[in-house]
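*Asks:* I'll drop the sequence and a predicted model, then ask my questions.
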Protein chains: 2
Amino acid sequence: MDGEHAEMVRLLWGPHPRPARGPRPTLDLPRIARAGIEIADAEGLADVSMQRVAERLGVTKMALYRYVPGKAQLVALMVEAAIGPCPAPAPGRPPGGWREQLESWARQLLALFLQHSWVLAATVGPRVQGPGELSWLERAVSALDGTGLTGAERMDAAVLLVGHVRGITQQAHASGGPAGNPEAQLGAILGDLIQSHGESYPALTAAFASAVESDGQDQAWEFGLQRILDGLAALIDRRAASPRP
Amino acid sequence: MDGEHAEMVRLLWGPHPRPARGPRPTLDLPRIARAGIEIADAEGLADVSMQRVAERLGVTKMALYRYVPGKAQLVALMVEAAIGPCPAPAPGRPPGGWREQLESWARQLLALFLQHSWVLAATVGPRVQGPGELSWLERAVSALDGTGLTGAERMDAAVLLVGHVRGITQQAHASGGPAGNPEAQLGAILGDLIQSHGESYPALTAAFASAVESDGQDQAWEFGLQRILDGLAALIDRRAASPRP
DNA sequence: TGATTACTGTGTACCTTAGACGCAGTTGTT
DNA sequence: AACAACTGCGTCTAAGGTACACAGTAATCA
């Protein structure tokens, strides 16, 4: 029927039966994914090619096709392996309220995206999600259990947070992360453009001037995160005050 | 110094001096951008190649390089042309408070992203923004003038909203938009996966069951939008109650 | 044991795409 | 008329994804 997606599902969700006969496979899916991730982490997603991954594994590129039907599937495997399952909360510690749980969850997710910034580009557009990725969603939704939100609303809240994580990752990646790194020029270019066309962008000019004093990325992250959580809290409180039928 | 980005800036921000001598150019940047946009709208970003764009314009692909230094720059032009300048508010009507302004702004931006869903994929990673794109940011930031937020905070709020627009676009695009369209299978696949691994995803199972009754995309969009605006309102009110030095 | 069968990695194609380079023609300037 | 600056174009290279047929290997079965 679809074919395209079916391959993805089988690859990401298994099962992966060991071949009964024939030579032992030299590789396996986790090793392939790891090789791709190492290249992407070090040199970016654009430098991940069948060739480069195969080289790093000591085989020819065609050998990879014995394990992975195509490049799209390889990238999907990389994403799933890089994200991995959502870490369980420390069993000794009390879990805390929904707000602490979601906040910690979002921070962990952001750390992941910052560590593997190529994941952002690899997860645009329609695609099949893997079990690890879904486990992250599961934890976020379950953190909102008992808040009076509907199932759809809990899901929407999780999606909202993921959107913020992605937005900050994008921005951090664009302005060159911490400081003084090779991509920091983009921030400078933007500043120059705004300044040299200042009459068209008065609000931005003022905002930029004010922004140089604050911490940039960190501030944007915290600001958005707290605004989202505040907004959720407002709704949850309202619901608690006047429950619906 | 950078070269890469300088080309982008010159292309997006001008000036574009008419050549004094030689044959009349057959093409111009807006026409090229439009051709690319038409292909991307109809067949997706992946089908935009120098070849295809040139064909549609009735020239060979090498002719394009007389106008655009490379494919990256062509895509940047497409993005800038597709987004365009932020429409000015109707001059007769009163502008309304910050909340109405931002809400309307976000809706217009979402409509744009939904109309040209490839823009999402074309704007991941570090890149130079064009004047039109910045005008959108300008309007959002200026809508928050006089709210007591700092410049950095106004910018962060705009980024937060953009993140939500992008998140919803991504989701809408993935679950196949309205319904019954070719990509709607992905939603079905996800549902199947959650159901067949239900014991691992109890919260998602419940949330999905509840979600089928609501409107899906629309609901997620409205939910996130209102939560963000609520969160902003909470902060603005707090600031108004106890202004900082 | 030997034949069969299902697998392995590999070399050799082919196609598409981005881009470099040089040529011939066109047009305003000198 | 000669020149300089430009145009669009044909040719070429390199890289990437992928189809396919081949030779070798290991478990199964006659």
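*Replies:* Nice, I can see it.
*Asks:* check the residue of chain A found nearest DNA strand C and give its pLDDT.
*Replies:* Of chain A, the residue with the smallest distance to DNA strand C, taken as Cβ to the nearest atom of the strand, is A:Gly22 at 2.6 Å. (Glycine included, C-beta is placed from N, CA and C.) At A:Gly22 the predicted local confidence, pLDDT, stands at 94.
*Asks:* neighbours around it, how many?
*Replies:* Taking other Cβ atoms under 10 Å in any protein chain shown as the criterion, the count of residues near A:Gly22 is 6.
*Asks:* what residue spans form the domains of chain A?
*Replies:* Domain assignment for chain A, taken from automatic domain parsing, gives A:4-83, A:98-241.
*Asks:* ok, back up a step: give the helix, strand or coil label for the residue of chain A closest to DNA strand C.
*Replies:* coil (DSSP: H, G, I helix; E, B strand; the rest coil).
*Asks:* where's it relative to A:Val59, distance?
*Replies:* In this structure, A:Gly22 and A:Val59 are 16 Å apart, going by Cβ to Cβ, to the nearest Å.
*Asks:* do A:Glu153 as well
*Replies:* A:Glu153 is 49 Å from A:Val59, where distance means Cβ to Cβ.
*Asks:* with neighbour numbers in mind, choose between the two.
*Replies:* A:Glu153 (25 against 16).
*Asks:* do I have it right that that one meets B:Gly224?
*Replies:* No - using Cβ atoms under 8 Å, A:Glu153 makes no contact with B:Gly224, being 10.2 Å away.
*Asks:* what's the local residue count around the closest residue to A:Thr150 other than its chain neighbours?
*Replies:* Taking Cβ to Cβ, 6 or more residues apart in numbering or on different chains, and ignoring the residues beside it in sequence, A:Thr150 has B:Ser210 as its nearest neighbour in space, at 5.3 Å. Residues near B:Ser210, counting by other Cβ under 10 Å, number 16.
*Asks:* need the three-state assignment for the residue nearest to the spatial centre of chain A.
*Replies:* In chain A, the centroid-proximal residue (Cα atoms, centre = their mean) is A:Phe113; its distance is 4.6 Å. Secondary structure state of A:Phe113, per three-state DSSP, is helix.
*Asks:* hang on, it packs against A:Val119?
*Replies:* Yes - at 5.9 Å, A:Phe113 counts as touching A:Val119 under the criterion of Cβ under 8 Å.
*Asks:* ok, A:Ser196 - how many residues close by?
*Replies:* For A:Ser196, the tally of surrounding residues (other Cβ under 10 Å) stands at 10.
*Asks:* contacts only, for it.
*Replies:* Counting by Cβ atoms under 8 Å, 6 or more residues apart in numbering or on different chains, A:Ser196 makes contact with nothing.
*Asks:* return the distance of it relative to A:Val9.
*Replies:* Remark: distance between A:Ser196 and A:Val9 (Cβ to Cβ) = 51 Å.
*Asks:* how close does A:Glu43 sit to DNA strand D?
*Replies:* Plainly put, A:Glu43 is 11 Å away from DNA strand D if you go by Cβ to the nearest atom of the strand, to the nearest Å.
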